[in-house]
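Participant: Sequence and predicted structure, then a few things I'm wondering about:
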Amino acid sequence: MNINTKLRLSFMMFLEFFIWSSWFVTLGTFLGANLMANGQEVALAFSTQSFGAIIAPFVVGLIADRYFHAQRILGVIHLLGAGLMYLLYTATDFAGFFPILLGYMILFMPTLALVNSVSFNQMTNPAKEFSVIRVWGTIGWITAGVIISYFAWDSQAGIKEGLLENTWIMAGVSSLILGLYSFTLPATPPQAKSSDKIKLSEILGLDALSLLKHKNFAIFFISSILICIPLAFYYQNASPFLTEIGLEKSTGKMALGQVSEVVFMLALPVFFSRFGIKKTLIVAMIAWAVRYIFFAFGDANEGVWMLLVGIALHGICYDFFFVSGQIYTDAHAGAKYKSSAQGLITLATYGVGMLIGFWAAGLISDYYTNEAGAHLWKSIWLIPSGISVLVLLFFISLFKREQIN
């Protein structure tokens, strides 16, 4: 792949995750401050990610793989997304906001697979080339958070002035740019023939259900769904929590989680090969429990280091569980179920697991809100920490040591 193609794909990946980070990180804070949403409404808004993840395989498997060039579908989706971002910017209540966000996420989630398809189509050795392209997505995510904090849109003063609304404009303009830019990307024609028989089970990854006959994989599969429950607490509550306790430039500081993601992504192959899959997953689950304990007992003053360490643990939490889990799934699937198995895990985690997690986080956030509208954050964060410990004990007791080649 020549340098010009690398630069073009890197810019595409940068914009893709810049758009998502522009509004997703501060969504909980925006909904509470601007639309006066309660915990269950915030949970419903975040659940649109899960609904999008469930529907995404249909868009990619039924349309992109069969009828149209991936880069053209990507362009159309982001142009439509730019218009929806403007509508979200103008929404005045949750009732009007939610259906627009749902429509947007149903469109957006398939683009995560589309940018990968466009990238892989230009590569001769994806194992070596893809990470260099994908890392620019993480840089895009970090950049959006830094911009939000630089202009103090997420500060308590900025929120009172309604400046957090600017995130939707930033996301909309970026989506417009990527929509137009996508039509200049290298051609990525459909791989399947439109006349080929459509297998719904293959699109949803259900062909890989036979892998659950292997006890270890079944335990890993169940643990993957369960660990998404505490993960949802982080996505949904971290920004409102940090803003409410008075941590300045919180969105920029939350980008520390993506910085650590890059660092631990590099460390993962060494740790994985030396200690194996079981210990790698155990370390991830311990990190999950510890991060929420730090959130429970940290504060914006003397305890700020606990908050920053908790954010930085995101790299271990995510990379050591989900990335190593993808490797483990690939090893079990073999050539026959390689794509189906990854689709099944994505559907189970980002679809089912996160959906349960967002619902639970909303209920618990409402339950631990006092009459003045302030959250009892210590109680809220100790619950996902406890869930992480329970999942850890379940996994340790039933998952047998296994060598992955």
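Facilitator: Sure, I can see it. Numbering: from 1, shown residues only.
Participant: What's the first helix or strand after the biggest helix by length in the chain?
Facilitator: Of all segments of type helix in the chain, defined using DSSP state H, the longest is helix 256-297. As assigned by DSSP states H and E, the chain's next helix or strand after helix 256-297 is helix 304-312.
Participant: For the nearest residue to S174 once chain neighbours are set aside, what is the enclosing helix or strand?
Facilitator: Among residues not flanking S174 along the chain, I19 sits closest, at 4.7 Å (C-beta to C-beta, 6 or more residues apart in numbering). Bear in mind the C-beta positions are built from the backbone N, C-alpha and C, glycine included. If you go by DSSP H and E, I19 is part of helix 3-24.
Participant: Hmm, A45 is touching A95, no?
Facilitator: No - under the criterion of C-beta atoms under 8 Å, A45 is not in contact with A95, lying 11.8 Å apart.
Participant: related to what we said a few turns ago, could you give the angle of the helix holding I19 to helix 256-297?
Facilitator: Angle, helix 3-24 to helix 256-297, by axes from the mean of the first three to the mean of the last three C-alpha atoms, to 10 degrees: 20 degrees.
Participant: now helix 3-24: how far from the chain's centre is it?
Facilitator: Offset of helix 3-24 from its chain centre (C-alpha atoms, centre = their mean, to the nearest Å): 15 Å.
Participant: Could I get the phi/psi values of A374?
Facilitator: phi -90, psi 140 (degrees, to the nearest 10).
Participant: neighbour-wise, which of A45 and A95 wins?
Facilitator: A45 (24 against 10; other C-beta atoms under 10 Å).
Participant: What separation do you get for that one and P240?
Facilitator: 12 Å (C-beta to C-beta, to the nearest Å).
Participant: Just the pLDDT at Y89, thanks.
Facilitator: Y89 carries a pLDDT value of 97.
Participant: Mind telling me what element it is part of?
Facilitator: Y89 belongs to helix 70-90, assigned by DSSP H and E.
Participant: Report the buried residues of the helix or strand following that helix.
Facilitator: Using DSSP H and E, the helix or strand that follows helix 70-90 in sequence is helix 94-120. Within helix 94-120, the residues that count as buried by 16 or more other C-beta atoms under 10 Å are 94, 97-98, 100-119.
Participant: Quick check, S50 in contact with T349.
Facilitator: No - S50 is not in contact with T349 according to C-beta under 8 Å; the separation is 9.5 Å.
Participant: how close does the residue lying closest to L211 once chain neighbours are set aside sit to W359?
Facilitator: Leaving aside its sequence neighbours, L211 sits nearest to F217 (C-beta to C-beta, 6+ apart; 5.1 Å). The gap separating F217 from W359 is 26 Å, by C-beta to C-beta.
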